[in-house]
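K.L.:
take a look and give me a structure for this.
(one chain, ligands or ions: 1)
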Amino acid sequence: MKTTDLIFDRSYVDGKWTTEGEASFEVFNPATGEKIKTVADGGIAITEKAIDAADSAFKPWRKTTAKYRAELLEKWHNLMLENTAQLAEIMTLECGKPFTESKGEVAYGAAFVKWFAEEGKRAYGDVIPPHTEDRRLVVIKQPIGVVAAITPWNFPLAMITRKVAPALAAGCTVIIRPTYESPLTALAIARLAAIAGFPPGVINVVVGRDSAGMGKFFCESEKVKKISFTGSTRIGHILMAQSASTLKKLSLELGGNAPFIVFEDADIEKAVEGAIVSKFRNAGQTCVCVNRILVHEKVYDEFSQKLSKAVAALKVGDGMLAGVSIGPMINKSAVEKTQSFVADAINKGGEILTGGKPMGECFYEPTVIGNASREMNFTEDEIFGPVAPLYKFNTDAEAIEMANDTIYGLASYFYSESVSRCWKVAEALEYGMVGINEGLVSTEVAPFGGVKFSGQGREGSKYGIEDYLEIKYMCFGNII
Ligand code: NAP
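P.N.:
Prediction:
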């Protein structure tokens, strides 16, 4: 298949490419500013149609066997892998990440589809020893119903498959609402789902600019039984408040403020490698990106020098060019926000060790800031850009207190060669995920998710399907 065979310009509803009204919006390449495609804006009208289609499709779909659903998911997975280069090109064009990272995301995103194809067959219930002689107690698991998935631009494929694959495997039908900034990857995988043979209405993709209106419509619809959202904590709050009237179930994968602790007994070379991977992937624009690097004062100088040298060597540019490891930021305002964090840090005594400036409209130099202090804005706020602040600490207790001193609780990382310290620190960190001597924790086989203001629910692993299943208890009486 050619890349152009996978580029679509309208919503996919009930098995058809559908427009509604005359409105449209443009999708841009953040690296060049060029328009990639004009896309029909479906808005609330198309959202309503998609909900109706998913609702009608749910009745027959839920009756299918897990084995049948797994076969379709396997075909979808294989089609994604067969079209890796095409999907990666679309992804790099619309969200800027380097082409090699985009190819990695296709593999990562497709892995969730395969995992849940298999996991759906194991959505076992329970037989409970009864409390009286004449009763038999059984628990079964059933699909929740119509699921709306609202997803961001930073992983235009994987954030979709982490939700949609378990939902479909469980027997739910779905409506995907990708951000207006990167709708093309979502539409491309909808095309592959159609080729795989998913019946009309089982997978729908609605595209439009009115995220607030479309989101509210999902929240207030009684046909939508669950919303799975990945994005900022601010929007997570809004969705939860709006869902009160329908008591909707919510999975929320929200923002983070990941600490990365380098203890005095750390392997410094490995810690530098881990910090590069976990800080600078996708130009610092992932929810698990390191936000604060806490370094023991005894190893601060060595770590800061080695990290700055490695960061200065990162190649910035258009993600489609060979050798580029840092692509553009998603838009101009992301660059401005990054610059405001750096300016604030300099005003408060921060020292630029490398980088520290925008590069044109959409790029930002990979940056290390020494002498970071708690007063600086990025201590509390998510940077979401390629800036690594270095803070000093003296004791383990101080490092743990600093690491936990945030409303967020998604990913955390630390480096130490002591087994005892590794256990103690890992248990003390108030985070959903802890990387111990490891900067990259995401995989389809392990539970991804946060605590505190980073959200609720888990994606991936054996736990990920539970978010899409209801528990039903059946009590058989009069067994005499
Ligand atoms: P965002 O502004 O919250 O947007 C996320 C999604 O929500 C987009 O599709 C957006 O659509 C939509 N949206 C915006 N306002 C809405 C509303 N009122 N109702 C319903 N939907 C609405 O987040 P972002 O800036 O794009 O993404 C970055 C954030 O996502 C960061 O905080 C990051 O940490 C978080 N994130 C979390 C995870 C995780 O797994 N925990 C993973 C990736 C990213 P439009 O863009 O079309 O307006």
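
K.L.:
just give me how far stretch 285-296 sits from the chain centre.
P.N.:
16 Å (Cα atoms, centre = their mean, to the nearest Å).

K.L.:
next: stretch 457-475.
P.N.:
19 Å.

K.L.:
okay, and the residue nearest to the spatial centre of the chain sits in which element?
P.N.:
Geometric centre of the chain, nearest residue: Met159, 4.4 Å, by Cα atoms, centre = their mean. Counting by DSSP states H and E, the element that carries Met159 is helix 158-170.

K.L.:
only alpha carbons, please: show the helix or strand that Glu427 is a member of as CSV.
P.N.:
Using DSSP H and E, the element containing Glu427 is helix 419-428. Provided in CSV are the C-alpha atoms of helix 419-428 (Å, rounded to 0.1, in the frame of the first residue of the first chain):
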residue,chain,number,x,y,z
VAL,A,419,19.6,-3.4,46.3
SER,A,420,18.4,-2.2,49.6
ARG,A,421,18.1,1.4,48.5
CYS,A,422,16.3,0.3,45.3
TRP,A,423,13.6,-1.5,47.3
LYS,A,424,13.2,1.3,49.9
VAL,A,425,13.1,4.1,47.4
ALA,A,426,10.8,2.3,44.9
GLU,A,427,8.3,1.6,47.7
ALA,A,428,8.4,5.2,49.0
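
K.L.:
mean confidence for it?
P.N.:
Here helix 419-428 scores 98 as its mean pLDDT.

K.L.:
and the next helix or strand past it?
P.N.:
Next along from helix 419-428, by DSSP H and E: strand 433-436.

K.L.:
what about the protein, any weak spots by pLDDT?
P.N.:
Across the chain, nothing is flagged by pLDDT under 70.

K.L.:
how about the residues of it near the ligand?
P.N.:
The chain comes close to the ligand at residues 150-154, 159, 179-181, 211-212, 215, 230-232, 235, 238-239, 253-256, 287, 382, 384, 410, 450, 455, as judged by Cβ under 6 Å from any ligand atom. Yep, even glycine has a C-beta here, placed from its N, CA and C like the rest.

K.L.:
go again using 5 Å as the cut-off
P.N.:
150, 152, 179-180, 211-212, 215, 230-232, 235, 238, 253, 255, 287 (Cβ under 5 Å from any ligand atom).

K.L.:
that older thread, quick one: the residue nearest to the centre of the chain from Ala399, how far?
P.N.:
31 Å (Cβ to Cβ, to the nearest Å).

K.L.:
buried subset of the residues of the chain next to the ligand?
P.N.:
Ile150, Pro152, Thr179, Tyr180, Gly215, Thr230, Gly231, Ile235, Glu253, Gly255, Cys287 (16 or more other Cβ atoms under 10 Å).

K.L.:
just checking, which of those belong to helices?
P.N.:
Gly215, Ile235 (DSSP state H).

K.L.:
which helix or strand contains Ile400?
P.N.:
With DSSP H and E as criterion, Ile400 is part of helix 396-404.

K.L.:
can you pull the buried residues of that helix?
P.N.:
For helix 396-404, by 16+ other Cβ under 10 Å, it's Asp396, Ala399, Ile400, Met402, Ala403, Asn404.

K.L.:
how about the contacts made by the third one?
P.N.:
So the one you mean is Ile400. Val425, Ala428, Leu429 (Cβ atoms under 8 Å, 6 or more residues apart in numbering).

K.L.:
neighbour count for those residues - can I get that in a markdown table?
P.N.:
As requested, those are exported to a markdown table (neighbours: other Cβ atoms under 10 Å):
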| residue | neighbour count |
| --- | --- |
| Val425 | 21 |
| Ala428 | 16 |
| Leu429 | 22 |
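
K.L.:
nearest to the ligand among those?
P.N.:
Leu429 (16.5 Å; Cβ to the nearest ligand atom).
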